[in-house]
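Novice: whatever this is, show me its structure:
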Amino acid sequence: MKEKQTDEWLLYEQGKDYNTRVGWYETIDLNERMYAGDQWNGVVSNGLPQPVFNIFRRCINYFISAIMSQKVTATFIPENIPEDSEDEREIEITQAAKLISNYSGVLWEKLKMDSHLRQALLDAAITGDMCGHVYWDSNIKTGQKIEGVEIEGDIAFEMIDNVIFGNPNDSRVEPQPWLIIPFRELVSKLKKEAKANKVSEQDILNITSDTDNKEQSGDLGKIEMEGKGESGKTTVLIKYWRDTETGTIHYTKSTKSCVIVKDTDMGITRYPIAHNNWDKRKNSYHGLAVGTNLVPNQIYINKMFAMVMLNLMNTAFPKVVYNQTYIDKWKNQIGEAIGVQAGEDMSKVAHYLQPGQMSSQIMGTIDAAINYTKDLIGVTDAALGDIKPDNASAIIAVQQASFIPLETIKQNLYQWVEDIEYIKADMMIAKYGERKITVIEQGKRVVKTLDFSTLKDVILKIKIDVGASSYWSEITEMQTLDHLLQQDRINFLQWLERVPDGYIPKKDDLMAEIRDQMATPPPPEITPPSISINFADLPINAQIQLAAQMGIEITPQDYGGAPGQTGGNADIFDQLPPEAQDELARTMRENPQEAQALIEQTVSQV
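Specialist: This next block holds a predicted model:
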């Protein structure tokens, strides 16, 4: 009896047939193998050494790093609402759009989208396609409650290797009649899910393990743990389509012979799949991978190096020819003496054969192949950092010029990100309802409440902002900021606010401390009292002690009166040497407090 098959499985078979006819599965396996370094798999070596000089991997990694050096942010803008609107409803919509823009950045970090972007670029470089799946995960805990009932579920994201388009000759997602995501899953997990969805026991028995994994991407995707029954795996299909009456997206989940999740309305208006290419191919949703064009050159470079190695192995060490008339057996023992008949010409006894010289054009051809391969795809020495940075401005200019071949790929990536943001916004409005969201305001995390359901009739446009954050851009930015600070065009706080992250540890804490210091008025300066004292006005004991501190000896007998009297003392000062007078005057002038203390101490003793 013919095995029962679901409708989704029949559509999946049609999609597999298309991918097989265009050679998509074979191309993916080859490119993934080359990137991983398994570059002699399937290549006839005929006994050659098998070196791997992985130009393939380095070029692709450069492309990913160059594109990812620029940060991407999304801003939501309400359609048909001016910025200076005074209408209360329009003001609410504008503020809600700002909150969604802010929360989108928080959700970006939560979903680890930077990591997904790198994986998307790697997938596109190897397979030609980048494909992301935005879905609602009802198992995510939010920690929020409404009327005592906990809110569960949130937006999740994953990269997928394969998606089947209902119309494979159209690369656009939204016009598709349906989309199918195939993947492998454990039978035990699927049976548990089917039971939770109240699938009949008879249908659950149709969920069985299989080895239908030939279409999995990469060689390792075709190797699974040995398992039968519920410990094995089977192929699962998620089908999305748009209801023509309501315009909303529906989905089902099934295996080859069992429907696990029946027709379910998701409540969203956009397909939850973002798809784009590395390079477009005319009339196909599959793109052209950059790795595909690198494969022949990579194989040639490896083979040429292998032949050079084999030649050196065979000819690098010269062979010995010896006359058996004089030598019975040649020995290569180091330092061992070989006896011969006296007077014989040694060239007739033994000599080395000169090895054939390898053409210098061979290494030149290999170098040319490597350089031309890198240059033609835009991977220059300046871009890779293989030059001495004597002139930063010139290097920046060369780097910017080397990015030109990547502009098309960048635009494809940014369009892919924009599609993801549209899907996320659609899902927020359809699924969130009234919910608390975490946003960042003035560098601090703030929790606000927003009723997303009030935005169902609002048309939101998304603007993708791209900012440079590459190594050389940061150097230029730091140099400019340093010059402005040195010229007092900005203060230290303004300098800190603009320094790229990572240069100053605990930068936010430091800025907060500086703001606190600026907000606190400085204590008033205390001006010491001005004291004007003449030497002649001091008591005799004070004059003697002050002069002694200056190294000048004065005794009471030098005065006409008894110690402690103040009369007739001016002549003592006048009789001192000029140097002593200057020193005493300077002390009285510069340290009046010290003199005053000396006066008070002397007076108290009298």
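
Novice: in contact with Cys173, which residues?
Specialist: Residue 173: Val, not Cys. Leu179, Tyr271, Ile273, Ala274, His275, Asp419 (CB atoms under 8 Å, 6 or more residues apart in numbering). All C-beta spots, glycine's among them, are computed from the backbone N, C-alpha and C.

Novice: can you pull the pLDDT of it?
Specialist: Per-residue pLDDT puts Val173 at 96.

Novice: the contacts of Val173 in helices, which ones?
Specialist: Secondary structure from DSSP state H places Asp419 of those in helices.

Novice: among the contacts of Val173, which one lies nearest to Ser360?
Specialist: Nearest to Ser360 out of those is His275 (CB to CB; 49.6 Å).

Novice: so what pairs up with that closest one in the strands?
Specialist: In this entry, His275 is beta-bridged to Cys131, by DSSP bridges.

Novice: now Pro182
Specialist: Here Pro182 sits in beta bridges with Leu237, as judged by DSSP bridges.

Novice: Pro51 contacts Val308, correct?
Specialist: No: with contact defined as CB atoms under 8 Å, Pro51 does not count as touching Val308 (9.3 Å).

Novice: kindly reformat the contacts of Val173 as a markdown table containing distance to Val106 and pLDDT.
Specialist: Formatted as a markdown table, the contacts of Val173 follow (distance: CB to CB, whole Å; pLDDT from 0 to 100):
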| residue | distance to Val106 | pLDDT |
| --- | --- | --- |
| Leu179 | 29 | 97 |
| Tyr271 | 24 | 97 |
| Ile273 | 23 | 97 |
| Ala274 | 20 | 97 |
| His275 | 25 | 97 |
| Asp419 | 20 | 94 |
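
Novice: among the contacts of Val173, which one lies nearest to Asn80?
Specialist: Asn80 lies nearest to Asp419 out of the contacts of Val173, by CB to CB, at 21.9 Å.

Novice: so Met478 sits in a strand?
Specialist: No: counting by DSSP: H, G, I helix; E, B strand; the rest coil, Met478 is not part of a strand but helix.

Novice: in the stretch 1-150 of the chain, where is pLDDT below threshold?
Specialist: Scanning the stretch 1-150 of the chain with the threshold set as pLDDT under 70 gives 1-2.

Novice: quickly list the domain ranges of the protein.
Specialist: Listed by automatic domain parsing, the domain ranges of the chain are 470-519, 535-605.

Novice: all strands of this structure, in order?
Specialist: Remark: strands assigned in the chain by DSSP state E are 70-78, 129-146, 149-159, 164-165, 178-186, 233-242, 249-254, 259-265, 273-277, 320-322, 350-352, 434-441, 444-451, 460-468.

Novice: would you single out the least confident of the domains of the chain?
Specialist: Looking at the domains of the chain, the weakest mean confidence is domain 535-605, a mean of 59.

Novice: sorry, back to before: can you redo the strands of the chain as TSV with distance to Pro523?
Specialist: Formatted as TSV, the strands of the chain follow (distance: least, CB to CB, whole Å):
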stretch	distance to Pro523
strand 70-78	44
strand 129-146	47
strand 149-159	52
strand 164-165	73
strand 178-186	69
strand 233-242	69
strand 249-254	67
strand 259-265	69
strand 273-277	60
strand 320-322	95
strand 350-352	92
strand 434-441	33
strand 444-451	30
strand 460-468	43
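
Novice: now these as CSV including mean neighbour count and distance to Gly105?
Specialist: CSV is the format used below for the strands of the chain (neighbours: other CB atoms under 10 Å; distance: least, CB to CB, whole Å):
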stretch, mean neighbour count, distance to Gly105
strand 70-78, 18, 6
strand 129-146, 16, 16
strand 149-159, 15, 14
strand 164-165, 23, 31
strand 178-186, 19, 27
strand 233-242, 21, 27
strand 249-254, 21, 26
strand 259-265, 15, 30
strand 273-277, 24, 18
strand 320-322, 13, 75
strand 350-352, 13, 73
strand 434-441, 15, 7
strand 444-451, 12, 12
strand 460-468, 14, 11
